[in-house]
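**Q** Sequence first, then the predicted structure, then my questions.
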Number of protein chains: 2
Amino acid sequence: MRDFSHDHRWLSINTATVRNQRGQPWPLPRILDACAARGIRAVAPWRDQVAAAGLAATAAQLKALGLALSGYCRGGMFTYTDDASRAAVRDDNRRALDEACTLEAPCLVLVVGGLPGALAGRPAHRDIERARTQVAEGIAWLLEEARARRMPLAIEPLHPMYAADRACINTLAQALDLCDALDPGGSGALGVAVDAYHVWWDPQLRRQIERAGRGPVSRVLALHVCDWLVPTTDLLEDRGMMGDGVIDLPRLRGWVEAAGFAGYSEVEIFSRANWWQREGGEVLDTCIERHRRCV
Amino acid sequence: MRDFSHDHRWLSINTATVRNQRGQPWPLPRILDACAARGIRAVAPWRDQVAAAGLAATAAQLKALGLALSGYCRGGMFTYTDDASRAAVRDDNRRALDEACTLEAPCLVLVVGGLPGALAGRPAHRDIERARTQVAEGIAWLLEEARARRMPLAIEPLHPMYAADRACINTLAQALDLCDALDPGGSGALGVAVDAYHVWWDPQLRRQIERAGRGPVSRVLALHVCDWLVPTTDLLEDRGMMGDGVIDLPRLRGWVEAAGFAGYSEVEIFSRANWWQREGGEVLDTCIERHRRCV
């Protein structure tokens, strides 16, 4: 297991962590500058932020600053109600792939979607198995597009509390079942993003991470870290800084590294009441310190 | 599958559903009277409510009203930090068993506990596997006490969002693994409570319910219903009335009945902003109507 205690060379910042300081959005260029100024070597930007800053300009800034990506946020949302919405989903995912290629991301992260319409508060039906079938079909389709571009896809299982509206893939076992079905050879074209917040509770966690490491190439394409607070006061925007909650992050990282993952540890914290209320530089400095001590 | 559309003979009310109307607690005697007045045949009372009303008085009132229990809420909270807290947990569970016997409950429902101290916001450690081991030991111990009293124990897997502070048993598979380990013969002394809110998202749901029905006696000892709202605005107290959310309750009930369950469908709704703000009689009337139409 790598020693993180002396430097932060394996730290990446998911840009949502500092996007919304005191209700004042930090635009992506400012975030990238602030990361580079601290010797942070990688980021994971969101598509809306990239769109606002401009794709070419973002690619140029990343190159100028020497910043790599730990992943691109995000493709997915595969569930649909009719042919038109399915076509729109596919177009959008094709664009996400192209952007990921332009930014030289190591993978496109997939948040697969829940019941269609649920995120807007109007679920079209209650059949989560139908949604899961659509997700499998969507990933199968996208995988061909992704192979043609040599851009790996990382399925991110989300916590079961997001099953209805954000992602009906809710365990690593489920995500790895899809990988086995769609990429049986383990080519590296399809894998998983292991986000501590989403999977820490899973009684099968260790076993499934070991399974992810069994093929010719590790299926673990990304590692996201933050912490689960007690109490957690909001379903979406009350994630904790590493060390402030109950997740045994070093143990998780040990398992993931034993499964062949050797990339960045990406900090992704949505925190309306705490970290988003602080000065962005303070948040980044805290991420660096906690990455050394608690991850 | 039983037809619920013509009457509510298989409806039970978990008394938390109407305990806190407009911030004015309905005492248990009032809840029992209001249920009986509507032809509701069963309830699931909480220990604190029974303690407030008196155990003997509650038993007498239940008998006078002809009300059965669908379960007794609750034992468990098995995790501990030292010998003294373990002894206190055991004493408390022994009392819960005795109360369940006095009230002639069909089972004592177990919410097994999370990381010790986490419910009070001060988790003693981050080792969820250690907590799970303590839970297994606690249930093994309690099972002997329960067998002596012929009181079945129903392990209730809680939604993974409660893994840290309320229950580290989070899937039916996990609960059934414990049943298999501690009661391999499937005597009926140990089983599970299937709560739609906690398990609806589980990709293994159908398979595990089928597994629960495979032994000589069904392992399904209780069925709890409510609904998962989109959006859900609170981790604990924003449960929906059946029909208002995304859970396919009839499908779930079909699976549970195919697994041999033929008891009450118990409505348990914690709803600070909606149902707890209404008049209790209106809530009970709505439960009856939705039980017929949506369960």
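**A** That came through fine.
**Q** only C-alpha atoms for contact and neighbour calcs from this point on.
**A** Will do.
**Q** so where's chain A uncertain?
**A** Within chain A, no stretch has pLDDT under 70.
**Q** do that again at 90, thanks
**A** Of all residues in chain A, those with pLDDT under 90 make up the ranges A:20-25.
**Q** ranges for the helices of it?
**A** A:28-37, A:47-53, A:55-65, A:83-102, A:128-149, A:172-182, A:196-199, A:205-212, A:249-258, A:280-294 (DSSP state H).
**Q** Pick the most deeply packed of the ones you listed.
**A** helix A:196-199 (a mean of 22; mean count of other Cα atoms under 10 Å in any protein chain shown).
**Q** Could I get the CA-only coordinates of it as PDB?
**A** Extracted in PDB, the C-alpha atoms of helix A:196-199 (Å, rounded to 0.1, in the frame of the first residue of the first chain):
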ATOM      1  CA  ALA A 196     -16.200   5.200  -0.300                       C
ATOM      2  CA  TYR A 197     -19.300   7.100   0.500                       C
ATOM      3  CA  HIS A 198     -21.500   4.900  -1.600                       C
ATOM      4  CA  VAL A 199     -20.100   1.500  -0.800                       C
END
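**Q** related to what we said a few turns ago, include distance to chain B when you put the helices of chain A into TSV, please.
**A** Below are the helices of chain A laid out as TSV (distance: least, Cα to the nearest Cα, whole Å):
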stretch	distance to chain B
helix A:28-37	29
helix A:47-53	22
helix A:55-65	32
helix A:83-102	21
helix A:128-149	8
helix A:172-182	7
helix A:196-199	9
helix A:205-212	11
helix A:249-258	9
helix A:280-294	12
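**Q** export these to JSON lines and tack on distance to residue A:239?
**A** Converted to JSON lines, these look like this (distance: least, Cα to Cα, whole Å):
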{"stretch": "helix A:28-37", "distance to residue A:239": "20"}
{"stretch": "helix A:47-53", "distance to residue A:239": "21"}
{"stretch": "helix A:55-65", "distance to residue A:239": "27"}
{"stretch": "helix A:83-102", "distance to residue A:239": "26"}
{"stretch": "helix A:128-149", "distance to residue A:239": "26"}
{"stretch": "helix A:172-182", "distance to residue A:239": "20"}
{"stretch": "helix A:196-199", "distance to residue A:239": "8"}
{"stretch": "helix A:205-212", "distance to residue A:239": "20"}
{"stretch": "helix A:249-258", "distance to residue A:239": "14"}
{"stretch": "helix A:280-294", "distance to residue A:239": "13"}
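**Q** any idea how far residue A:47 lies from residue B:160?
**A** 29 Å (Cα to Cα, to the nearest Å).
**Q** which ones are touching residue A:287?
**A** For residue A:287, the contact set (Cα atoms under 8 Å, 6 or more residues apart in numbering or on different chains) comprises A:241-242, A:267.
**Q** Quick check: it vs residue A:72, distance?
**A** From residue A:287 to residue A:72 the distance is 20 Å (Cα to Cα).
**Q** just residue A:159 next, same as before
**A** 20 Å.
**Q** Of those two, give the one with the bigger neighbour count.
**A** In this view residue A:159 and residue A:72 are compared by other Cα atoms under 10 Å in any protein chain shown, and residue A:72 has more residues nearby, 27 against 24.
**Q** Would you check how far apart that one and residue A:42 are?
**A** 11 Å.
**Q** what do you get for residue A:141?
**A** For residue A:141, the distance to residue A:42 - Cα to Cα - is 29 Å.
**Q** The closest residue to residue A:171 other than its chain neighbours and chain B: what is the separation?
**A** Closest residue in space to residue A:171, ignoring its immediate chain neighbours: residue A:157 at 5.4 Å, by Cα to Cα, 6 or more residues apart in numbering or on different chains. From residue A:157 across to chain B, the span is 12 Å (Cα to the nearest Cα, to the nearest Å).
**Q** Pretty sure residue A:157 sits against residue A:163.
**A** No. Contact criterion Cα atoms under 8 Å: residue A:157 and residue A:163 do not qualify, at 9.5 Å.
**Q** Please identify every residue contacting each of these two.
**A** Residues touching both residue A:157 and residue A:163 (Cα under 8 Å, 6+ apart) are A:169-170.
**Q** Pick out whichever of these two has more residues nearby.
**A** Using other Cα under 10 Å as the criterion, residue A:157 and residue A:163 rank with residue A:157 on top: 27 against 22.
**Q** picking up where we left off before, mind listing which of the contacts of residue A:287 are in strands?
**A** residue A:267 (DSSP state E).
**Q** got a markdown table for the contacts of residue A:287, with distance to residue B:27 too?
**A** Converted to a markdown table, those look like this (distance: Cα to Cα, whole Å):
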| residue | distance to residue B:27 |
| --- | --- |
| A:241 | 42 |
| A:242 | 43 |
| A:267 | 48 |
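**Q** Tell me the one of the contacts of residue A:287 nearest chain B?
**A** residue A:242 (12.4 Å; Cα to the nearest Cα).
**Q** can you pull the contacts of that closest one?
**A** Contacts of residue A:242 (Cα under 8 Å, 6+ apart): A:225-227, A:249, A:287, A:290-291, A:294-295.
**Q** repeat that with 7 Å
**A** A:226-227, A:290, A:294 (Cα atoms under 7 Å, 6 or more residues apart in numbering or on different chains).
**Q** State the pair within these that is farthest apart.
**A** Farthest-apart pair in the contacts of residue A:242 is A:227 and A:290; separation 11.0 Å (Cα to Cα).
**Q** Show me the common contact partners of those two, please.
**A** Joint contacts of residue A:227 and residue A:290 (Cα under 7 Å, 6+ apart) are A:242-243.
**Q** now residue A:124: how far from chain B?
**A** Applying Cα to the nearest Cα to residue A:124 and chain B gives a distance of 9 Å.
**Q** Next, count neighbours for that residue.
**A** If you count neighbours by other Cα under 10 Å, residue A:124 ends up with 13.
**Q** Identify the residues contacting it.
**A** Here residue A:124 is in contact with A:115-117 (Cα under 7 Å, 6+ apart).
**Q** Among the residues you listed, which one lies nearest to chain B?
**A** Relative to chain B, the closest of the contacts of residue A:124 is residue A:115; by Cα to the nearest Cα it sits at 8.5 Å.
**Q** In contact with that closest one, which residues?
**A** Counting by Cα under 7 Å, 6+ apart, the residues that residue A:115 touches are A:79, A:123-125, A:128, A:131, A:164-165.
**Q** what's the answer for residue A:212, then?
**A** Here residue A:212 is in contact with A:176, A:218-220, A:259 (Cα under 7 Å, 6+ apart).
**Q** if we go to 6 Å?
**A** residue A:219 (Cα atoms under 6 Å, 6 or more residues apart in numbering or on different chains).
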